[in-house]
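Novice: One predicted model, sequence on top.
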Amino acid sequence: MFLQIAEWLEATAPGVLVRESLWAFPIVVGLHIIGLTLSIGVLMWFDLRLLGIAMRGCPVSRVYRRLMPFFASGFVVMFVTGGLLLSGFATAAYGNVYFRVKMAAIALAGVNALAYHGFTERRIADWDSAPRPPRAVRMAGLASLLLWTTAVLAGRMMSYTMF
């Protein structure tokens, strides 16, 4: 079933454009890297604050409010361009172990973010200004750093192993 979806994706107009156009692929990849840099780069600063390593004098809630608009903008660009890249090479990605690792890491990063916002962050008033947040908060930051690093590295490895 997934292979059939991959074949369908490649047959769509965006898939054909990304795969066959002289300029579409490099432009989409460039935008994907810009989105990734903005999104994950900003998120890593927030994660470092959660770990108590960076911006220790600034409340976590303030760091979040200031950084997340940049993260969200970058994430939208990264998500859209990643979807376009996938549409052009879906069957190659389907069989690639690094693609599967990347998707698993992204899914787990999403679960980590939901757990943080749904449970850990609820008691932010107790630890917001602490230079070193509680263990659960630090573990959420560490998990985010590790999962997004895994996703980025697996994505990079895809380019060397898909064709």
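Specialist: Thanks, I have it. These figures come from a predicted structure and were not determined experimentally.
Novice: which stretches of the protein form strands?
Specialist: In the chain, no strands are found when defined by DSSP state E.
Novice: low-confidence ranges in it?
Specialist: Scanning the chain for pLDDT under 70 picks out 163.
Novice: which residue sits closest to the residue in it sticking out farthest from the centre in space, ignoring its chain neighbours?
Specialist: Of all residues in the chain, residue 126 has its C-alpha farthest from the mean position, at 28.6 Å, by C-alpha atoms, centre = their mean. The spatially closest residue to residue 126, leaving aside those adjacent along the chain, is residue 134, at 7.9 Å (C-beta to C-beta, 6 or more residues apart in numbering). C-betas here are computed from N, CA, C, even on glycine.
Novice: The one you found against residue 128, yeah?
Specialist: No. In this structure, residue 134 is not within contact of residue 128 by C-beta atoms under 8 Å, at 11.0 Å.
Novice: Now do residue 48: how many residues are near it, please.
Specialist: For residue 48, the count of nearby residues is 16 (other C-beta atoms under 10 Å).
Novice: cool, and residue 94?
Specialist: 17.
Novice: Look up how far residue 121 lies from it.
Specialist: Distance, residue 94 to residue 121, using C-beta to C-beta, to the nearest Å: 36 Å.
Novice: ditto for residue 134
Specialist: With C-beta to C-beta as the criterion, residue 134 and residue 121 are 11 Å apart.
Novice: And those two? Which one has more around it.
Specialist: residue 121 (18 against 14).
Novice: show me where this protein has helices.
Specialist: Secondary structure of the chain (DSSP state H): helices located at 2-11, 13-20, 24-51, 60-88, 90-94, 97-118, 124-127, 135-161.
Novice: How about the last one, which residues are buried there?
Specialist: Counting neighbours by 16 or more other C-beta atoms under 10 Å, one finds that the buried residues in helix 135-161 are 136-141, 143-145, 147-148, 150-151, 154-155, 157-158.
Novice: what's near enough to touch the nearest residue in space to residue 41 that is not next to it in sequence?
Specialist: Counting by C-beta to C-beta, 6+ apart, residue 41 lies nearest to residue 74, which is 7.7 Å off, once chain neighbours are set aside. Contact analysis of residue 74 by C-beta atoms under 8 Å, 6 or more residues apart in numbering lists 34, 35, 36, 37, 38, 39, 40, 41, 42.
Novice: Also residue 50?
Specialist: Taking C-beta under 8 Å, 6+ apart, one finds 60, 133, 137, 138, 140, 141, 144 in contact with residue 50.
Novice: Residue 10 too?
Specialist: If you count contacts by C-beta under 8 Å, 6+ apart, then residue 10 has 16, 19, 87, 88, 89, 90, 91 around it.
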